[in-house]
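# no sequence on this one, just coordinates:
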């Protein structure tokens, strides 16, 4: 099939969408989004501050809009959280929310499950550097959490040996999806991966790590999103390395994040199945680096993945839609919807998606250096049209 024409989806973008209250930082990140109890309400997770030093995990609860309060962007509530002081962590970052329970608490949230990372300083050749560890939190949404509600986690290799960086990205059901690296470097710090990255799931009930096996010969894999289908089936989204002359032109990032990937995982048998990889706009020539940053089930057999793609022509971000066919396998191609923020700036990444809500990073049109977090809401009728169009995928 020919490469899909670019589909631009109408959406309202709000940026920077950040915490601005006491102790606010000029450096911020947005990593996760989930639908919250109530109509058109979301939980958005991320970082207030530098992700390696002096950063705090941030949680926003409320509607995505252009309002603001003394706490920050949006009309909702912001909460900052740190991992236990005894962990000696210069920085904390919250990646993905799990179960959200309504009740008395900030933004009407009684308790919440959160997966994320924290940094720890190390000495490399006489210079200070940072490694990344994972953490889980299950308790009240509060800026003064109880240490007992945290669990630290550091992944191990299949042979039981140590890893360098551990990233816990997404929580669904009893499983958390993540990946680890064996070397500390630029790719690990900025993209949470590397040429030696491996993917795993963590069982939050037993505390056991299960390394994922894939039906390919790629040297590295990532698991950035996970969705519980039922007790014996989870779907995991991420990417795999692609060693191809076209991809190599994009450098080590291209080799580490070559193609977006979906795979099913059975927690009973520990086996994966129905693996399929995708390239932006269904390109077949590997001229893009494409990665799924998360996953959301939109209903009627349609999975929705936030994606980021890079080529020599530039960067692209938005949502991809894949259909599960009657035989249980995923559609051979995806429906790609690209974001255009217009006067707000240029979208650098779409890091998480939940229904019509999305969050990621944007380069402001003002020309300021760097990127800032955004939150966006897709037009309702356009979103329904996309889900309907995805039904035709084969």
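Okay, I see it. Predicted, not measured: the structure shown is a model, and the values here were computed from it.
# got any ranges where the stretch 101-250 of the chain has weak pLDDT?
Scanning the stretch 101-250 of the chain for pLDDT under 70 picks out 184-195, 243-250.
# quick one, helices of it?
186-191, 245-248 (DSSP state H, counting those that start in this stretch).
# quick one: residues contacting the nearest residue to residue 105 once chain neighbours are set aside.
The shortest distance from residue 105 to any residue that is not its chain neighbour, by C-beta to C-beta, 6 or more residues apart in numbering, is 5.2 Å, and that residue is residue 141. No exception for glycine: its C-beta is placed from N, CA and C like everyone else's. With contacts defined as C-beta atoms under 8 Å, 6 or more residues apart in numbering, the neighbours of residue 141 are 59, 61, 79, 105, 106, 107, 109, 110, 111, 112.
# how close does the second one sit to residue 158?
Taken as C-beta to C-beta, to the nearest Å, the spacing of residue 61 relative to residue 158 amounts to 39 Å.
# compare those two (neighbour count), which wins?
More neighbours sit around residue 61 than around the other of residue 61 and residue 158, counting by other C-beta atoms under 10 Å; the figures are 25 against 10.
# now the element after the host helix or strand of the more buried one, going C-ward?
Using DSSP states H and E, residue 61 falls within strand 56-62. Along the chain past strand 56-62, the next helix or strand (assigned with DSSP H and E) turns out to be strand 77-81.
# name the helices or strands packed onto that following strand?
Using 3 or more C-beta pairs under 8 Å, 6 or more residues apart in numbering; DSSP states H and E, the elements in contact with strand 77-81 are strand 56-62.
# swap the cut-off to 10 Å and go again
Under the contact criterion of 3 or more C-beta pairs under 10 Å, 6 or more residues apart in numbering; DSSP states H and E, strand 77-81 touches strand 42-48, strand 56-62, strand 92-102, strand 109-124.
# of these, which stretch is the most buried?
Mean neighbour counts were taken over these using mean count of other C-beta atoms under 10 Å, and the top value, a mean of 28, falls to strand 42-48.
# and the residue nearest to residue 353 when sequence neighbours are not counted, what are its bridge partners?
The spatial neighbour of residue 353 that comes closest, neighbours along the chain excluded (C-beta to C-beta, 6+ apart), is residue 306 at 4.0 Å. On the basis of DSSP bridges, residue 306 is bridged to residue 319.
# so who does residue 306 touch?
Residue 306 makes contacts with 33, 224-225, 237, 291-296, 317-320, 339, 349-354, 358-360, as judged by C-beta atoms under 10 Å, 6 or more residues apart in numbering.
# now do the same contact list for residue 51.
Neighbour list for residue 51: 27-29, 31, 91-93, 117-119, 130, 132, 189-190 [criterion: C-beta under 10 Å, 6+ apart].
# ramachandran coordinates for it?
With angles defined as degrees, to the nearest 10, residue 51 sits at phi -70, psi -20.
# and it, how far from residue 151?
From residue 51 over to residue 151 (counting by C-beta to C-beta), the distance is 20 Å.
# quick one: residue 114 and residue 85, what's the gap?
From residue 114 across to residue 85, the span is 18 Å (C-beta to C-beta).
# try residue 95
From residue 95 across to residue 85, the span is 21 Å (C-beta to C-beta).
# cool, residue 350 as well?
On the measure of C-beta to C-beta, residue 350 and residue 85 end up 34 Å apart.
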